[in-house]
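[1] okay, sequence plus prediction incoming.
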Amino acid sequence: MKGQSSVEYSLVVGLALLLASPFLVSAQSSIIQLEESTSYLQLDSSLEKLEQKSNKLSEKSFPARRTMRFDTPTGIDRIYNPQLGSAGSAVIFQISRAGRTNNRSFLVDYSIRIQNQSQIAEEGIHRISIKKLPNGINVSTIS
C-alpha cells in the first residue's frame, strides 16, 4: 500500500508541474523584460543627470566643476562621443540586451569630452567629475 501511495503522490506532483510550466515560462519572460527595462531606466536617469550638470557648468566660468554618481548597468558595449563641430557634441551609450542593440544619448550645443570611456562603460556605480574647461566640458571617472 505504501508503494502505491508514493506512486500516486508522484503522479499528482508531476501533473501539477506539467500544468504549471506555461505559467513559469511566462513569469520568467516577464522577469527578464522587467530587468531589461530597469537597466534602461537606470542608464537614462544617469544620462539625464549628466546632461543637466553639464548644461549648468557650460554657463559658468572656468574652472567650475561638479561630481556625481553614475550608475552603469550591465551590457554597455561602447560609448561614443562624436564632436559635431560648431553644432556641439553628442554622448551615445550603446547597450546590448537579449540580442538587441539600443542607443541612449543626448546632444548639447557645446563641446563635451568623455575621458575613461572604458571605465564608465563597466557595470557598477562610478563617481565622475564634470569640469568646465576653456574649450568645453570634460567628463572623467574619479573612482
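    Yep, it's here.

[2] where does the protein have its least confident helix or strand?
    Among the helices and strands of the chain, helix 2-58 carries the lowest confidence by mean pLDDT, DSSP states H and E, at a mean of 77.

[3] tell me how far that one lies from the chain's centre.
    Averaging C-alpha positions (CA atoms, centre = their mean, to the nearest Å) puts helix 2-58 18 Å from its chain's average.

[4] check which helices and strands that helix sits against.
    strand 65-72, strand 89-97, strand 100-108, strand 124-133, strand 136-141 (3 or more CB pairs under 8 Å, 6 or more residues apart in numbering; DSSP states H and E). From N, CA and C alone the C-beta is placed, and that goes for glycine too.

[5] need the contact partners of the first one.
    The reference is to strand 65-72. 42-43, 45-46, 49-50, 53, 56-57, 120-132, 142 (CB atoms under 8 Å, 6 or more residues apart in numbering).

[6] hmm, try it at 10 Å
    Strand 65-72 is contacted from outside by 39, 41-43, 45-47, 49-50, 52-54, 56-57, 60, 79, 93, 95, 119-133, 137-139, 141-142, using CB atoms under 10 Å, 6 or more residues apart in numbering.

[7] do the same with the longest one
    Contacting residues not belonging to strand 124-133 are listed as 46, 49-50, 53-54, 56-74, 110-116, 119-120, 137-143 [CB under 10 Å, 6+ apart].

[8] tilt between that strand and strand 136-141?
    150 degrees (axes from the mean of the first three to the mean of the last three CA atoms, to 10 degrees).

[9] what's the angle between strand 124-133 and helix 2-58?
    Going by the same axes, to 10 degrees, strand 124-133 makes 10 degrees with helix 2-58.

[10] what's the answer for the last one, then?
    Going by the same axes, to 10 degrees, strand 136-141 is angled at 150 degrees with respect to helix 2-58.

[11] which strands and helices lie in contact with strand 136-141?
    Helices and strands touching strand 136-141, by 3 or more CB pairs under 10 Å, 6 or more residues apart in numbering; DSSP states H and E, are helix 2-58, strand 65-72, strand 89-97, strand 112-114, helix 117-121, strand 124-133.

[12] mind redoing it with 7 Å?
    helix 2-58, strand 112-114, strand 124-133 (3 or more CB pairs under 7 Å, 6 or more residues apart in numbering; DSSP states H and E).
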